[in-house]
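> 3D, please:
(2 chains)
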Amino acid sequence: MSKIIGIDLGTTNSAIAVMEGGEPRILENTEGNRTTPSIVALSKANERLVGLLAKRQALTNPANTIFSVKRLIGRKFSDPEVQRDKAWLSYELRAAQNGGVEVKMGEQWLTPEEISSFVLAKLKADAEAKLGEKVEEAVITVPAYFDDSERQATKNAGEIAGLKVRRILNEPTAAALAYGLGAGKQLRRPGGVGVPTEASGKNEKIVVYDFGGGTFDISVLEVGDDTVEVKATGGDTHLGGDDFDKRIQEYLVVEYKKQERIDVSKDPLAVQRLKEAAERAKHELSSAAETEINIPYISSDANGPKHFLMKMTRAKLESLVQDMIDRSVELTREAVTAASPKGAGFQLSEINEIILVGGQTRMPAIQEAVKKLFGKEPNKSINPDEVVAIGAAVQAGILQGDVKDILLLDVTPLTLAIETLGGVATPMIQKNTTVPTSKTQVFSTAADNQTSVEVVVTQGERPMAADNKVLARFLLDGIPPSPRGMPQVEVSCDIDANGILSVKAMDKASGKSQSVKIEASTSLSKEEVERLKQEAAKFAEEDARKKEVIEAKNHAETLVYTAEKALADAGDKVPADVKDSIQSKLDAVKKVKDGDDKAVIDQAVKDLSAEIQKIGQAMYNKTEGPGPSTDNGQNPQPSEPEPGPDEGPAGAG
Amino acid sequence: MYSGEDLIRELVIILDNFDLGLRALEKAGAVEKGVYMIRAQIEDIARRRGLEKVHVQPGDPFDPSIAEALAEGESEHPPGTVAEEIEPGYKLYDKILRPVRVKLSKEKKPD
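Here you go, the predicted structure:
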């Protein structure tokens, strides 16, 4: 059985982890990094780029570089959040036919699912390269506040990328899992969450404070023996670590202008160097109280080159971003203490554990602020950039049977209801029900001779359907005309372990039924997912082919270098005709190596490889004097040491 | 992550700054050979640990696996290709530590 991987599919960055030997481990991508930017682009050369490569061309190709697509996935175009994001995103958005969102990349309009699938496909390929085996299944994390439609869309993205999504897991649950949460559970890590409570059944309250690159999420969980309940979520989808970097960078630009009266904000290299200096200063000030911004030759004027040298203290950094820290603390307080549905309605002192997630939480001022708020030390021993992926891998381990001491089930965060007469939301599945679950209830008609009923499924705690979120609506018709209240329409709701809902309605008399899987109206149909999946597989093949061509090209380049060096080193020890024939094969390789026909490159390389051996032959013949040599001069004499790979043919020196 | 990667990454910054310094000095006149030798010593320390410089040429196709586009400008080269190398890149064995920073050519506006 292939390994199930854990994927943290982030707004700015993503990460992959896997269980190995009972321990979760982050897998590096092919660029050698532990996180991958969640960015997809169509380059100006019409090539699809994903991750770091897409990021490296973002500045000059903003219209075709798609980032932050997680903000759009599974949402309706008319959603106020989407409209707000549309204003600042550098690529084009439009409403899809089904009301969802489409983004423009090159000449194509693509769904957010497709864009995410490209990121997931890269993560899958990178994991396969690292593990040396096929990866077919994954656990993917999503924010706790994601609704059914956003979850289903994320699942679709995984399927398109060729991954069987075994579980859609809440990010805060993943973070808690990484620390080995659970009341009455054995600790998996020292200093982790999950100090056994005295009596089994006593719930533990956990706050996950997640300061990512672009978003700030706060989640309040209540963990029982075998369940995790999301009591409240909060945060700000437009507050993140990137805002901190930007703030410092702006400060540096202003300071430099004060020093030298030069505005460097228009010089791309200077801006890049300032950005790096700002990031470095931020990191250094996490451990030191003072750092030096030292950028020699940042600009120049009539008097010659100019430098930028200044000291920056931790106190200064904190004063620059204090308002953002304060805001995060306020949002946390609200999510914990406010009454439902805004908050969990807990006292701050009731919280048993706090977990820090996201790179920005390395900042001492943030750790201090959180500690002050709750009066206890937050959990921060696991790398905050990796903790969610690690938790996803733990969940994968549970599914795979590698992790046996934790059984975790999520619960439904909101009540699912069916709209009935007068617009009332009649609850079908109450909130906090452990999933998977199902419920069946019989309804009837409201008017005489009513031959169809519209089933409207809502999610939320309000008594009137109109005040809750509509997840789906469908029509069941063909009900035989009869007096009102007579027909029996059986409606069943089913939520699977991923929190994805399906609803079925059946008229008991006619046996006619209608069902809907809540992929919400903005999501892709099964057929579309299947089609895109096949396209993606084709793309993977193409990628593999391209990679082979690049490898052949690299091989050719190495050989060209070796051959040129060997020819130069051999000088006139090799007869002119041999040299000429090698040169012609060499030219042939040079001519074809930049093409994209692997077979042609391979053949030219093979010819040249065979030909350059003649250098050795000719030189051995020369040292051994005239006359036939029984071993063609290719093997060293038994008494001589074998020449090293860099030494060239023996006797050449 | 390669051993010493963090340290080499920091050395790369010094090498970049050295190059900027040398370029400024060269503009003012001939530079004392010893200064180049000191730079070479620093680069040597890193090179012995696997660091290699990466260059691109004007007119080369833009390859994001080794280069990063910082800006665009008109040039004599085809649009989308490298117009100018702003800063060289560095790789540690097979890993790009810092991509080559380039300016890309863009479509010339008709006069």
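
> what kind of secondary structure is A:Lys376 in?
With DSSP: H, G, I helix; E, B strand; the rest coil as the basis, A:Lys376 sits in coil.

> Next up, phi/psi of it, please.
phi -150, psi 160 (degrees, to the nearest 10).

> How about A:Ala63?
The phi/psi pair for A:Ala63 (degrees, to the nearest 10) reads phi -70, psi -30.

> list the contacts for it?
A:90-92, A:104 (C-beta atoms under 8 Å, 6 or more residues apart in numbering or on different chains). Just so you know, the C-beta spots here come from the backbone N, C-alpha and C atoms, and that holds for glycine as well.

> And it, how close does it get to chain B?
13 Å (C-beta to the nearest C-beta, to the nearest Å).

> quick one: the helices in the stretch 151-300 of chain A?
A:171-178, A:241-260, A:268-284 (DSSP state H, counting those that start in this stretch).

> Which one of those lies nearest to A:Tyr209?
Minimum separation from A:Tyr209 across the helices of the stretch 151-300 of chain A (C-beta to C-beta) falls at helix A:171-178, 9.3 Å.

> follow-up on the earlier one: reformat the helices of the stretch 151-300 of chain A into CSV and put distance to A:Leu416 and mean neighbour count next to each item.
Below are the helices of the stretch 151-300 of chain A laid out as CSV (distance: least, C-beta to C-beta, whole Å; neighbours: other C-beta atoms under 10 Å in any protein chain shown):
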stretch, distance to A:Leu416, mean neighbour count
helix A:171-178, 20, 29
helix A:241-260, 35, 17
helix A:268-284, 44, 19
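
> Figure out which of these is closest to chain B.
Among the helices of the stretch 151-300 of chain A, the nearest to chain B by C-beta to the nearest C-beta is helix A:268-284 (4.2 Å).

> before we move on, back to that, of the contacts of A:Ala63 - the most surrounded one?
Counting neighbours by other C-beta atoms under 10 Å in any protein chain shown, A:Tyr91 leads the contacts of A:Ala63 with 18 neighbours.

> Show the low-confidence segments of chain B, by residue range.
For chain B, the stretches flagged by pLDDT under 70 are B:110-111.

> residues near the residue lying closest to A:Ala446 once chain neighbours are set aside, how many?
Distances taken as C-beta to C-beta, 6 or more residues apart in numbering or on different chains place A:Leu421 nearest to A:Ala446, at 4.8 Å, with adjacent residues excluded. Number of residues near A:Leu421 (other C-beta under 10 Å) recorded here: 12.

> mind checking how far A:Leu421 is from chain B?
In terms of C-beta to the nearest C-beta, A:Leu421 sits 60 Å off from chain B.

> Verify the stated contact: that residue with A:Ala447.
No: assessed by C-beta atoms under 8 Å, A:Leu421 is found out of contact with A:Ala447, at 9.6 Å.

> Overlap in contacts, those two.
Counting by C-beta under 8 Å, 6+ apart, nothing touches both A:Leu421 and A:Ala447.

> The residue in the stretch 101-250 of chain A positioned nearest to chain B: what's it in contact with?
At 12.6 Å from chain B, A:Ala129 is the closest residue in the stretch 101-250 of chain A, using C-beta to the nearest C-beta. Applying C-beta under 8 Å, 6+ apart to A:Ala129 gives the contacts A:Thr30.

> That one belongs to a helix, doesn't it?
Yes: the assignment for A:Ala129, made by three-state DSSP, places it in a helix.

> ok, which residues in chain A are in contact with chain B?
A:28, A:31-32, A:43-45, A:49, A:53-54, A:56-57, A:59-61, A:268-269, A:272, A:296-297, A:300, A:304-305 (C-beta under 8 Å from any C-beta of the partner chain).

> Strands of chain B, start to end?
All strands of chain B, identified by DSSP state E, fall at B:51-54, B:67-74, B:82-87, B:89-92, B:95-98, B:100-106.

> actually the stretch 251-400 of chain A, not the one I typed
Secondary structure of the stretch 251-400 of chain A, counting by DSSP state E, counting those that start in this stretch: strands at A:290-301, A:304-313, A:353-357.

> on that earlier part again, can you put the helices of the stretch 151-300 of chain A in CSV and add mean pLDDT?
CSV is the format used below for these (pLDDT from 0 to 100):
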stretch, mean pLDDT
helix A:171-178, 93
helix A:241-260, 92
helix A:268-284, 90
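
> Of the ones you listed, which is nearest A:Thr233?
Among the helices of the stretch 151-300 of chain A, the nearest to A:Thr233 by C-beta to C-beta is helix A:171-178 (8.1 Å).

> And that closest one, what does it pack against?
strand A:4-9, strand A:137-142, strand A:204-211, strand A:216-223, strand A:227-236, strand A:353-357, helix A:387-400 (3 or more C-beta pairs under 8 Å, 6 or more residues apart in numbering or on different chains; DSSP states H and E).

> could you give the angle of the last one to strand A:353-357?
Meaning helix A:387-400. Angle of helix A:387-400 versus strand A:353-357, following axes from the mean of the first three to the mean of the last three C-alpha atoms, to 10 degrees, is 110 degrees.

> Near A:Arg261, how many other residues are there?
9.

> Now do the same contact list for whatever residue of the stretch 251-400 of chain A ends up closest to chain B.
In the stretch 251-400 of chain A, the residue that lies nearest chain B is A:Tyr297 (3.7 Å; C-beta to the nearest C-beta). By C-beta under 8 Å, 6+ apart, the contact list for A:Tyr297 reads A:305-307, B:17, B:20-21, B:23-24.

> So for it, what pLDDT did the model give?
A:Tyr297 carries a pLDDT value of 91.

> hey, which helix or strand in chain A has the poorest pLDDT?
strand A:409-410 (a mean of 58; mean pLDDT, DSSP states H and E).

> Can you list the buried residues in the helix or strand just after that one?
Using DSSP states H and E, the helix or strand that follows strand A:409-410 in sequence is strand A:416-420. Using 16 or more other C-beta atoms under 10 Å in any protein chain shown as the test for burial, strand A:416-420 gives A:416-419.

> Any chance of TSV for those, columns distance to B:Lys33 and pLDDT?
Below are the buried residues of strand A:416-420 laid out as TSV (distance: C-beta to C-beta, whole Å; pLDDT from 0 to 100):
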residue	distance to B:Lys33	pLDDT
A:Leu416	79	85
A:Ala417	82	88
A:Ile418	85	89
A:Glu419	85	87
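
> out of the residues you listed, who's nearest chain B?
Within the buried residues of strand A:416-420, the smallest distance to chain B is 45.8 Å, found for A:Leu416 (C-beta to the nearest C-beta).

> Grab the nearest non-local neighbour of that closest one.
In space, A:Leu416 is closest to A:Ile429, 4.4 Å off (C-beta to C-beta, 6+ apart).

> residue boundaries of the helices in chain B?
B:5-28, B:33-47 (DSSP state H).

> closest one to A:Val135 among those?
helix B:5-28 (26.6 Å).

> residues near A:Asp597, how many?
11.

> backbone phi and psi for it, please?
phi -100, psi 100.

> What distance do you get for it to chain B?
Taking C-beta to the nearest C-beta, one finds A:Asp597 at 17 Å from chain B.
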